[in-house]
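*Asks:* 3D, please:
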Amino acid sequence: MKKIVVKPIGTIRTPYKTHQGMPIQGKFKPGVKGKAILFQKYAKGLKDLGGFSHAILLWHIHKSKEERLLSKPFMEDVIHGVFSTRSPHRPNHIGISIVKIENIKRNVITFSEVDMLDGTPLLDIKPYMAGVDTRENVRTGWAQKHLKKGRLPDRAIHDKGIT
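*Replies:* Alright, predicted model coming up:
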């Protein structure tokens, strides 16, 4: 199989220098702000993104140097297959986050709902479109018991670093 080369389009700046206190998903600490700083040559690509309330950021999980096919999520005491988790120890170390766009100026997106470390390489940005991205009759597998409506999942904030 041919090798795929992916290059960053910018850097994500956040208040999280370590995993300590960082939420497992940004919606669990909605007031925390970060910035996606695009390299200048990609700034034109932000045209019209300001018309969207949210964006999907794809990023490189640059602190993970491991690959595990089995993983124990923060919310569980049971081991699951990596592709049924959001574990950082994945074959391609790709992270995905839905963030709330606060402001866009030149080559910088200020956003809230942060769940990545400071200095994270940004790979791509896509607009979040509720009518396209939202699904009906969704099943959430093993995570269902942790995602009860109106309740913050147990261990929704990192307290021990990556597992």
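*Asks:* model confidence for the residue sitting nearest the centre point of the chain, exactly?
*Replies:* Nearest to the mean C-alpha position of the chain, by C-alpha atoms, centre = their mean, lies Ser97 at 2.7 Å. For Ser97, the pLDDT comes out at 94.
*Asks:* that one bridge partners, please.
*Replies:* Here Ser97 sits in beta bridges with Leu57, going by DSSP bridges.
*Asks:* got the contact list for it?
*Replies:* The contact partners of Ser97, taken as C-beta atoms under 8 Å, 6 or more residues apart in numbering, are Gln25, Gly26, Ile56, Leu57, Trp59, Glu113, Val114, Asp115, Met116. Where you see a C-beta, it was placed from the backbone N, CA and C, and this is true even at glycine.
*Asks:* make it 6 Å
*Replies:* Gly26, Leu57, Asp115 (C-beta atoms under 6 Å, 6 or more residues apart in numbering).
*Asks:* can you add neighbour count and pLDDT and give those back as JSON lines?
*Replies:* Shown next, in JSON lines, are the contacts of Ser97 (neighbours: other C-beta atoms under 10 Å; pLDDT from 0 to 100):
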{"residue": "Gly26", "neighbour count": "22", "pLDDT": "72"}
{"residue": "Leu57", "neighbour count": "26", "pLDDT": "98"}
{"residue": "Asp115", "neighbour count": "24", "pLDDT": "90"}
